[in-house]
Structure formats: C-alpha cells, structure tokens
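Q: Return a 3D structure for these sequence lines:
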Amino acid sequence: MGKTDEILKRAFIDAQIDRLDCPPHRFSAEFEQKMQRLIRSQKGVLKLVNTVYKRVACVALAVIICLATTVFSVEALREPFMEAVEQVLVAVKERLKGTRADNIAEYFTDDITQIVATNCITSVPKEYVIASPQKISEFITLLSQTYWGEPLDKLESTEQYVNYRFEFKSDNKTVTVINMCGCFGGLYGTAEIVTDSHSMFFNISERTYLDILSFTTQKYYLHKSDLEMPGKERCLAWQTGALEGLTGKEKESLCKTFRALHNHIEEFLLGRVSILKEPDSIYWGIFELERDEVFVDPITGSQGIDNTYHIINDCFDSLIETAKAEKLKSAIAIMKADFERAIKGRDIGSVFTVHEVIHDYDYYAVNYPVYYELQAPDWGGIDEYFGHLENAYN
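A: Model prediction:
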C-alpha cells in the first residue's frame, strides 16, 4: 500500500512540473494595445472611482451588514433602531376623517410626532409622553370611537378645571390640545379642543372619556378571567356551607346584604378607577373624611357628600354579625381588612382584588344561582369566575 501511495505522489508531481514547462505565449499586437488603453484609463478620477472608492464602499457595506446583523438579532437593539430609521409622523387628521369623530378632524394635522399627556389630578402633575406611532394610532382610534357633539349649555373652562391635558406635537411644536374637563356620571364627559385660533367644547360618551383618562396608566378590568365557571354541584355545596345555621329571615338578610356589597364596590370601581390610579391623586382624600362630612372638589370647587367607603364597611359589619358559618365569617372579615388596607394605602389595584373575592362568594356561593332584581352595574361579570372559592371550601 505504501509503494502505491509513493507512485501516485510522484506521478502527481511530474504532471505539475510538465504543465509548468509549457512554452510562453505571445499575445497579439491588437490585444496589447487594448490592454495599454485600459491601464491608462485608470489614472485620475476614474482610477479613484474604480479602486479606492469601490474598496471603501465594500468595507462600508460589510460594516452595515455586520451592524444590521447584530442589531436585528437582539430585540433590545432592534426596536430602537427601527424607530430611529422610521419617519415618525402620524396622519391624525386623515385617521379621524370618516369616523364618528369626523367633525373634529379639521382641528388636527397629519404630521404628529408625539402626544404629551399631563395628569392634573395628582398633587404634583405627572407627564407622560406617547411617542411610538403604534401608541399614537391607538389613541387616535380611541378618539374616533365616540361622537363629539356640541354641548347644550355653554361651558366655561379655565386651567383649574382641567383633569387631563393631551398636547399633540409636530416635532417640538404643539399644534392641538385636548383638555378633559369633567365627567357627568352615567351621562357624558366634556372635552375642550384648543388650536391657535379656536377653542371648542364637546360632549363625548362617558366610556370614551374614562378610557382617554386611563390611556397612559395601567388598565384594570372589573371582570376578566380565563377560568371556567364551577359546576352546579360544587356551587350548591359552597352555598350550603356559607348559609349554614341561618334561619330563613337571617338567610334572606345576608343574601341581600352580600348583593348590596357587591353592587356598591362595583359602582365604586367603575366610577372612580380613572381618577384613583395614582396614589397621590387628590381624590383619595374623600375616603379620609368622616361620615357625612362635606368634600370640596380641589379642581372644580363643587361640594358634596360621598359615604361610599362607610357604606361598604357597613355591609361588611352587617355580614360578619349575621353569618353563622365560621369559614364565611372569617372570609368576610379578611375582605373588610383588605379593603380598608387598600383604601388607606391608596392602592386601587388591591380594591379590584377585593372585588374579585366578593364577586365569587356572591355569584357562586351566597346567591347561587345568579339572579338580579335590579340591573347589575356591569353585566359582563355574570359569566366570570376568579377562583377564590377553591381554597376556601375545598
């Protein structure tokens, strides 16, 4: 085998040597003239273009490819890179045309680069910048979902009556301002649109008004769960345990009070979530007042009495006193303690959690099957279950 390898090796070397011994080739005079003209043409500017500049271009292209490969392979770098490359202009005027907000389209432009939102209902106004085209578009979609109607009464607005301000900017120039001036519960909200030469007031739906106010902060959902509703047998077993030891009259009283508690806390959250998201909201002060004490609105100066906090605690106390089953009595006491802690801690998210517990006990234990003598504050909760009964009775 070794001899065979050696023979093949020598044969290969001999073949290469023979190829190198081939006689030199002489090119024709015509070919030589063409080559000389080509060499002379590479001098001056053309030489730079065809040599150095091409090399620089190749190097630059290689660097761009390398950078792009790095940037687009890392999400943290990719998104800022894309936002920097993209021309951030949102055609607000065009987006509003043909929608329910068509009549206000003329007050906007098609070159909006950001929206600056200012929360004026906190002790120190907070500012949020809406800069991405996607978020600006989402906000415009929100504006387009309601009709902007002229108020029946001429309303007067000043700086102190503004709850929230939204400044639409093109580069650094403010071109349009929307002032959110107040909401009349269950009816509508009032907004002012200000441009260089105009100031107009509009009434919009209460739902859209509240959604606009909460656009820049965390969203809370009164009823949102992916859990399946418990079956009939389990609910009846929970109900039997919850109502254990009660007389007919006591049972009726407890069931009605639990439903009243559920209604009050839902109305509390539906009406106040947009103004209580920030712990330093000026409206948290209403829950620090004694029963029947007058609250003076820091923005509008209007006066009123709101005993919602005390009414909810009254319901808790009544239920604790009426309940005979220790598990239910203990559960209600925990609900009350959590509610008071959330209010004193100015934590609206924890109030939503307390509502979830009350919701489950009301619909799937105390008042099972679900019924309503009056309209529910939010019908969306009829088919929702948050799972708070699983550990209580299993």
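Q: Find the residue ranges of this protein scoring beneath the pLDDT cut-off.
A: Low-confidence regions of the chain, defined here as pLDDT under 70, cover residues 1-88, 152-160, 185-186, 373-380, 393-394.
Q: what about the helices in it?
A: All helices of the chain, identified by DSSP state H, fall at 2-20, 29-40, 44-50, 52-73, 75-85, 92-96, 133-143, 206-213, 232-242, 248-276, 308-322, 326-344, 348-361, 390-393.
Q: which secondary structure elements does the shortest one contact?
A: When you say that, I think you mean helix 390-393. Here helix 390-393 touches helix 232-242, helix 326-344, going by 3 or more Cβ pairs under 8 Å, 6 or more residues apart in numbering; DSSP states H and E. Quick note: C-beta positions are derived from backbone N, CA and C, even for glycine.
Q: okay, the angle between the last one and helix 248-276?
A: Orientation check (axes from the mean of the first three to the mean of the last three Cα atoms, to 10 degrees): helix 326-344 against helix 248-276 gives 20 degrees.
Q: okay, helix 326-344 in PDB with CA atoms only?
A: Listed next in PDB are the C-alpha coordinates belonging to helix 326-344 (Å, rounded to 0.1, in the frame of the first residue of the first chain):
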ATOM      1  CA  GLU A 326     -67.100  30.300  60.700                       C
ATOM      2  CA  LYS A 327     -65.500  30.000  57.300                       C
ATOM      3  CA  LEU A 328     -67.800  32.600  55.800                       C
ATOM      4  CA  LYS A 329     -67.500  34.900  58.800                       C
ATOM      5  CA  SER A 330     -63.700  34.700  58.700                       C
ATOM      6  CA  ALA A 331     -63.600  35.300  54.900                       C
ATOM      7  CA  ILE A 332     -65.800  38.400  55.200                       C
ATOM      8  CA  ALA A 333     -63.500  39.800  58.000                       C
ATOM      9  CA  ILE A 334     -60.500  39.300  55.700                       C
ATOM     10  CA  MET A 335     -62.300  41.000  52.800                       C
ATOM     11  CA  LYS A 336     -63.000  44.000  55.100                       C
ATOM     12  CA  ALA A 337     -59.400  44.200  56.400                       C
ATOM     13  CA  ASP A 338     -58.100  44.000  52.800                       C
ATOM     14  CA  PHE A 339     -60.500  46.700  51.600                       C
ATOM     15  CA  GLU A 340     -59.500  49.100  54.400                       C
ATOM     16  CA  ARG A 341     -55.800  48.500  53.900                       C
ATOM     17  CA  ALA A 342     -56.200  49.200  50.200                       C
ATOM     18  CA  ILE A 343     -58.000  52.500  50.800                       C
ATOM     19  CA  LYS A 344     -55.600  53.700  53.400                       C
END
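Q: Begin at 5 from now on, thanks
A: Will do, 5 is the new start, and the previous item becomes helix 330-348.
Q: That one versus helix 236-246: what angle between them?
A: Using the same axes, to 10 degrees: helix 330-348 against helix 236-246 is 90 degrees.
Q: Helix 330-348 to helix 312-326, inter-axis angle?
A: Using the same axes, to 10 degrees, the direction of helix 330-348 lies 160 degrees away from that of helix 312-326.
Q: what's next to helix 330-348, contact-wise?
A: Applying Cβ atoms under 8 Å, 6 or more residues apart in numbering, the contact partners of helix 330-348 are 245-246, 269, 291, 313, 316-317, 320-321, 323-324, 327, 351-352, 354-355, 357-358, 361-362, 365, 370, 396-397.
Q: Can you tell me which of those residues are classed as buried?
A: Burial by neighbour count, 16 or more other Cβ atoms under 10 Å: within the contacts of helix 330-348 this picks out 246, 269, 291, 313, 316-317, 320, 323-324, 327, 352, 355, 357-358, 361-362, 365, 370, 396-397.
Q: List the contacts of Ser278.
A: When the contact criterion is Cβ under 8 Å, 6+ apart, the partners of Ser278 are 214, 217-218.
Q: on that earlier part again, how about the helices and strands packed on helix 394-397, which one is nearest Ser201?
A: The closest approach between Ser201 and any of the helices and strands packed on helix 394-397, judged by Cβ to Cβ, belongs to helix 330-348 at 45.7 Å.
Q: Can you mark which positions in that closest one are buried?
A: 332, 335-336, 339-340, 342-344, 346-347.
Q: relative orientation of it and helix 352-365 in degrees?
A: Here helix 330-348 runs at an angle of 160 degrees relative to helix 352-365 (the same axes, to 10 degrees).
Q: List the beta-bridge partners for Phe188.
A: Tyr192 (DSSP bridges).
Q: ok, the residue lying closest to Leu147 once chain neighbours are set aside - how many residues close by?
A: With Cβ to Cβ, 6 or more residues apart in numbering as the criterion, Leu147 has its nearest non-adjacent residue at 5.4 Å, and that residue is Ala105. The tally of other residues near Ala105 (other Cβ atoms under 10 Å) stands at 23.
Q: can you tell me how far Ala105 sits from Glu210?
A: Ala105 sits at a distance of 16 Å from Glu210 (criterion: Cβ to Cβ, to the nearest Å).
Q: again with Phe172
A: Counting by Cβ to Cβ, the gap from Phe172 to Glu210 is 23 Å.
Q: now Arg350
A: Distance of Arg350 to Glu210, given as Cβ to Cβ: 24 Å.
Q: Pull the distance from stretch 121-135 to the chain's centre.
A: Computed by Cα atoms, centre = their mean, to the nearest Å, the chain-centroid distance of stretch 121-135 equals 16 Å.
Q: beta partners of the nearest residue to Leu293 once chain neighbours are set aside?
A: Computed as Cβ to Cβ, 6+ apart, the closest residue to Leu293 that is not its neighbour in sequence is Phe299, at 5.9 Å. For Phe299, the beta-bridge partners under DSSP bridges are Gly308.
Q: give the contact list for Phe299.
A: Contacts were defined as Cβ under 8 Å, 6+ apart; by that measure Phe299 touches 289-290, 293, 307-310.
Q: and these, which are buried?
A: Once neighbours are counted (16+ other Cβ under 10 Å), the buried part of these comes down to 290, 310.
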